[in-house]
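A.B. asks: Just the structure for this:
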Amino acid sequence: MKNGDLFRIIKQRTEEIIPETDLINKLNNSQKTKQTLRIKYGIDPTGADVHIGHMVPIRKMREFQDLGHTGVIIIGDFTARIGDPTGRDITRPPLSTKIIQENAERYMDQLYTVLDKSKTEVRWQSEWFDNLKLDDILNMLSKFTLAQFLAHDTFRKRYESGFALSMHEIMYPLLQGYDSVAISADIELGATEQKFNILIGRDMQAHFGMEQQVAMLFPILMGTDGQKKMSKSYDNYIAIYDSPNEKYGKVMSIPDNLLINYFELATNEDDQEINDIKKELADGINPKSIKQRLARKIVELYHGEENALVAEQAFDKVFSKKDIPDDIREFKCNQSPIWIVSLLTDGGLCKSKGEARRMIRQNAITIGKEIIKSEDDEIEVEDGTVVKVGKRRFLKLRYIQGKNKTEEEI
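C.D. replies: Sure thing, here's the model as predicted:
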């Protein structure tokens, strides 16, 4: 592959590369010497679920792996105890070692839906920080000034707004930067909001006399609501653990103005294909057909072509023909009446009572043909009644006498 073509492919979907000349030089040198590059991406396993917005830089790592390079995932078992202050107004509570371990294992299971496991190196910060001495930390601190950190938007805004700014949080970028030294990173991937931290990594490598890494920054994928960035906190995300049907349905719910954002950041379509889609939209094609193509591409990426087609057929059956899915779950219950909130949580339609109450307030709960209006409703359980939450979650009730309270049957 010609160097110009290689750089064009690598540059796709990036917001900023710092500096581009260094990336070109690294790619050229790698081709000449046959020395693989080390591509770094750090995760703080503060939660177990990954959404497709997290996978934007991960899919770039896979592109590097397909070119023969090594992806290095840093498990932030130290920084997870601090909490990345980027974009946060409050300090995040620390996590236990056990929770961090469990979250990291689930996190990697999801990343491997995209990454090539044979070309992925997983490293834990404790490998080097457990042996770091106070002298080493003070030496690192001496190379940076407080003014540098207070110039960073996150720290400055919190300081000026009177929010608590703990010293250990100021250490976060330094620890992330030292990771790049520890694993000899050539390139670090991250969202645009990680720019400050990644550039600290460059400075840290220079301090240790190493060749500096290249920062590759990526745009933010918008949430399905079209208003905010994709986030579990905003309940506007498409999870890796979502089923093919759930992924397909969520994509079909996004506003039309997000189509290009999703094609660029959530699929593997190249620039020419995306330009063709832009032209089709400008020429007046029905956006629904483009959205269907997008939904297929996203489901196919994580579940394969066959599952994508099945998900499309299921969506068409339910929403185009106003029907109920064939694979609807059943929930056996011998308690009647039952509090609507308990029904939704015990039946697995809502993850928590808080979510159940929120969905009721949004008029998103239907039992039979009746919309549930009150959080206090007691529901008479009738055998065969269908409960619907939003547009994609269904449950069929089965009234069973003589059994312990409730049980779910998948």
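A.B. asks: Please, where are all the strands along the stretch 151-300 of the chain?
C.D. replies: Secondary structure of the stretch 151-300 of the chain by DSSP state E, counting those that start in this stretch: the strands cover 187-191, 214-218.
A.B. asks: which neighbours does the last one have in its sheet, and in what orientation?
C.D. replies: The strands beside strand 214-218 in its sheet (DSSP bridges) come out as strand 16-18 (antiparallel), strand 187-191 (parallel).
A.B. asks: what mean pLDDT would you report for it?
C.D. replies: Mean pLDDT, computed over strand 214-218, is 98.
A.B. asks: quick one, helices of the stretch 301-410 of the chain?
C.D. replies: Ranges of helices in the stretch 301-410 of the chain, per DSSP state H, counting those that start in this stretch, are 305-315, 340-346, 353-361.
A.B. asks: Could you dump the ones you listed into TSV and include distance to residue 63, mean pLDDT and mean neighbour count?
C.D. replies: All C-beta spots, glycine's among them, are computed from the backbone N, C-alpha and C. Shown next, in TSV, are the helices of the stretch 301-410 of the chain (distance: least, C-beta to C-beta, whole Å; pLDDT from 0 to 100; neighbours: other C-beta atoms under 10 Å):
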stretch	distance to residue 63	mean pLDDT	mean neighbour count
helix 305-315	20	94	17
helix 340-346	41	90	21
helix 353-361	36	89	16
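A.B. asks: State the number of residues packed around residue 212.
C.D. replies: 18 (other C-beta atoms under 10 Å).
A.B. asks: For this structure, give me the ranges with low pLDDT.
C.D. replies: 1-4, 81-94, 320-324, 326-327, 401-410 (pLDDT under 70).
A.B. asks: switch to 50 and redo it
C.D. replies: Along the chain, the model assigns pLDDT under 50 to residues 87-90, 403-410.
A.B. asks: As a markdown table, the strands of the stretch 151-300 of the chain with distance to residue 247 and mean neighbour count would be great.
C.D. replies: Putting those into a markdown table (distance: least, C-beta to C-beta, whole Å; neighbours: other C-beta atoms under 10 Å) gives the following:
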| stretch | distance to residue 247 | mean neighbour count |
| --- | --- | --- |
| strand 187-191 | 21 | 24 |
| strand 214-218 | 21 | 23 |
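A.B. asks: Residue 364 is nearest to which of these?
C.D. replies: Closest to residue 364 of those is strand 187-191 (C-beta to C-beta; 30.4 Å).
A.B. asks: quick one: that closest one to chain centroid distance?
C.D. replies: 15 Å (C-alpha atoms, centre = their mean, to the nearest Å).
A.B. asks: hmm, back to that, may I see the strands of the stretch 151-300 of the chain organised as CSV, with distance to residue 108 added?
C.D. replies: As requested, those are exported to CSV (distance: least, C-beta to C-beta, whole Å):
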stretch, distance to residue 108
strand 187-191, 16
strand 214-218, 20
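A.B. asks: so which of the ones you listed comes closest to residue 10?
C.D. replies: When these are ranked by proximity to residue 10, the top entry is strand 214-218, at 8.3 Å, counting by C-beta to C-beta.
A.B. asks: what's that closest one in contact with?
C.D. replies: The contact list for strand 214-218, computed with C-beta atoms under 8 Å, 6 or more residues apart in numbering, reads 13-19, 22-23, 26, 56-57, 60, 186-192, 194-195, 198-199, 201-202, 265.
A.B. asks: Alpha carbons of that strand, in CSV - could you do that?
C.D. replies: Taking Å, rounded to 0.1, in the frame of the first residue of the first chain, the C-alpha atoms of strand 214-218 are listed here in CSV:
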residue,chain,number,x,y,z
VAL,A,214,1.2,10.9,18.5
ALA,A,215,-2.2,12.1,19.8
MET,A,216,-5.2,10.9,17.7
LEU,A,217,-8.4,12.5,18.8
PHE,A,218,-11.9,11.5,17.7
